[in-house]
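Visitor: model this:
(4 chains)
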2 protein chains.
Amino acid sequence: MRFVRNFGLHQPDRTPCGQPLPVSEAHAMVEIAREGQLRQVELARRLRLEKSSVSRLVTNLVNRGWVHRETAEGDGRGVLLLLTPAGTTAAARQADARRARLTALLDRVPDDQRAAVVRALQTLAEATGETF
Amino acid sequence: MRFVRNFGLHQPDRTPCGQPLPVSEAHAMVEIAREGQLRQVELARRLRLEKSSVSRLVTNLVNRGWVHRETAEGDGRGVLLLLTPAGTTAAARQADARRARLTALLDRVPDDQRAAVVRALQTLAEATGETF
DNA sequence: ACCATCTGGTTGTACCGTCGAACCATGCAG
DNA sequence: CTGCATGGTTCGACGGTACAACCAGATGGT
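Guide: Residues are numbered from 1 along each chain as shown, chains lettered A, B, ... in the order given. As a prediction, this is how the structure comes out:
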C-alpha cells in the first residue's frame, strides 16, 4: 500500500516515471514494442482490460501517431498493431525515462539489497500470472 | 508493470483484494484504523491526494457509516477522523480479505523466496518515502 | 488590537480511464 | 445455409482525481 501511494501508482493518467501519458497507454507501448506486432485482443488480455477500453486506448495511440492499425492476415476480424517510426522513438524515450526513474529508486535502497529487490519483483510478477 | 496489471492495481474502483471498495478508500481505512484518529490533512499527505479529493473520499466513508467527522480540538479549522463501530468491523473485514489475498499470493511464490519478497516490498516502501 | 497572510476544508467544474451493453462483421461448425 | 462464437467499435454511464474559487479559523508583525 505504501509503495503504491508513494510511487504514484494511484494516478492512472500520469506515469509514475514522469511521462505525461496514461499508465495503460504506456503499458500498451511496452507490449507492442516488445513484440513488434500485436493483436489487439492479445493486448487486452495482457493489460487485463475490456476490449472496448483497449479499442479507445489504441485509438488514442493512433491519434498520437505512434501506432498503426492493420487488418490481421488470415483473420478478417482481427486488428494487428504496429509501431510507426514516431512510435518507436517515443517508446525508446519512455524506456529511458523508466530506466532513469527506476535507477533513482534503486539508488535509495541499500546496495546489498538491490539484487534481492529486483528478483523479488520478478518473482511477484510470475506469481500473479494469468489465473490469479 | 506485469505485477501492476496482474494484481489489478490499474482498477481504482475495485480493491485488488476483492473488496467492492475504491482503492483509495480502502487505503484511507487502513490509515485511520492504524492511528485510531487522524487529521484529514494528514490523511491527504499519506495518500498523496489533493485535499479536495480527500474531502470527497471522507464524505463517502461517512455515508457508508464507517467514519465520523469531529472538529479537531485546539484548531477550529481541522477535522479529526474517527472510525465508528461499524467502521471498525468493516476495517477488520477488509483486513481479513487483504490477508487472505496476500497469503494466496505468497502461496504461489517458492517458499524459499517468501521472506525475501516480503522484505523487498518493505524496502521499496521505505525507499519511496516522502520526497521521492 | 488590527490587518495581512497562511492553513485546513468544502464545493463546483472538468477531465479521463474503465466497464457493460448493443451492434456489426468475420470465422466456423453442423 | 444456419446458428454460434470471436474480434472490434461505439454509446452511455460511473467514478476518482485535479484545479480553482471560496470560506473559516489561526498566526504574526506592526
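Visitor: and the residue positioned nearest the centre of chain A, what does it touch?
Guide: Nearest to the mean C-alpha position of chain A, by C-alpha atoms, centre = their mean, lies residue A:27 at 1.3 Å. Contact partners of residue A:27, counting by C-beta atoms under 8 Å, 6 or more residues apart in numbering or on different chains, are A:47, B:1, B:4, B:5. From N, CA and C alone the C-beta is placed, and that goes for glycine too.
Visitor: State whether the last one is indeed within a strand.
Guide: Read it as residue B:5. No - counting by DSSP: H, G, I helix; E, B strand; the rest coil, residue B:5 falls outside a strand, being helix.
Visitor: That one: neighbour count?
Guide: Neighbour count for residue B:5, taken as other C-beta atoms under 10 Å in any protein chain shown: 20.
Visitor: Which residue ranges of chain A form helices?
Guide: Ranges of helices in chain A, per DSSP state H, are A:2-7, A:23-35, A:40-47, A:51-63, A:85-106, A:114-127.
Visitor: Dump the ones you listed into JSON lines; add mean pLDDT and distance to residue B:90 as well.
Guide: Shown next, in JSON lines, are those (pLDDT from 0 to 100; distance: least, C-beta to C-beta, whole Å):
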{"stretch": "helix A:2-7", "mean pLDDT": "94", "distance to residue B:90": "20"}
{"stretch": "helix A:23-35", "mean pLDDT": "97", "distance to residue B:90": "29"}
{"stretch": "helix A:40-47", "mean pLDDT": "97", "distance to residue B:90": "31"}
{"stretch": "helix A:51-63", "mean pLDDT": "97", "distance to residue B:90": "30"}
{"stretch": "helix A:85-106", "mean pLDDT": "95", "distance to residue B:90": "34"}
{"stretch": "helix A:114-127", "mean pLDDT": "92", "distance to residue B:90": "28"}
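Visitor: and residue A:104, what does it touch?
Guide: residue B:132.
Visitor: Quickly note the distance from it to residue A:122.
Guide: The gap separating residue A:104 from residue A:122 is 20 Å, by C-beta to C-beta, to the nearest Å.
Visitor: So which residues on chain A come close to DNA strand D?
Guide: Within chain A, the positions adjacent to DNA strand D are A:10-11, A:39-41, A:44, A:51-52, A:54-56, A:58-59, A:69, A:72, A:75, A:77-79 by C-beta under 7 Å from any atom of the strand.
Visitor: got the contact list for the residue nearest to residue A:21 when sequence neighbours are not counted?
Guide: Nearest non-adjacent residue to residue A:21, counting by C-beta to C-beta, 6 or more residues apart in numbering or on different chains: residue A:15, 5.2 Å away. Residue A:15 makes contact with A:21, A:22, A:23, A:26, A:94, A:97, according to C-beta under 8 Å, 6+ apart.
Visitor: right, and the pair among these with maximum separation?
Guide: A:22 and A:97 (14.4 Å; C-beta to C-beta).
Visitor: Check the burial of the spatially closest residue to residue A:20 that is not a sequence neighbour by counting its neighbours.
Guide: Excluding the flanking residues, the one nearest residue A:20 by C-beta to C-beta, 6+ apart is residue A:14, at 6.9 Å. Residue A:14 sits with 15 neighbouring residues when counted by other C-beta under 10 Å.
Visitor: State the distance from residue A:14 to residue A:22.
Guide: Distance of residue A:14 to residue A:22, computed by C-beta to C-beta: 8 Å.
Visitor: Next: residue A:82.
Guide: Distance, residue A:82 to residue A:22, by C-beta to C-beta: 20 Å.
Visitor: How about residue A:117?
Guide: For residue A:117 relative to residue A:22 (C-beta to C-beta), the value is 26 Å.
Visitor: again, but for residue A:106
Guide: For residue A:106, the distance to residue A:22 (C-beta to C-beta) stands at 25 Å.
Visitor: How about residue A:55?
Guide: 15 Å.
Visitor: Settle it for me: which of those two has more neighbours?
Guide: For residue A:55 versus residue A:22, neighbours defined as other C-beta under 10 Å are more numerous around residue A:22 (17 against 13).
Visitor: Quick one: residues contacting residue A:30.
Guide: Contacts of residue A:30 (C-beta under 8 Å, 6+ apart): A:91, A:94, A:95, B:1.
Visitor: Thanks a lot, catch you later.
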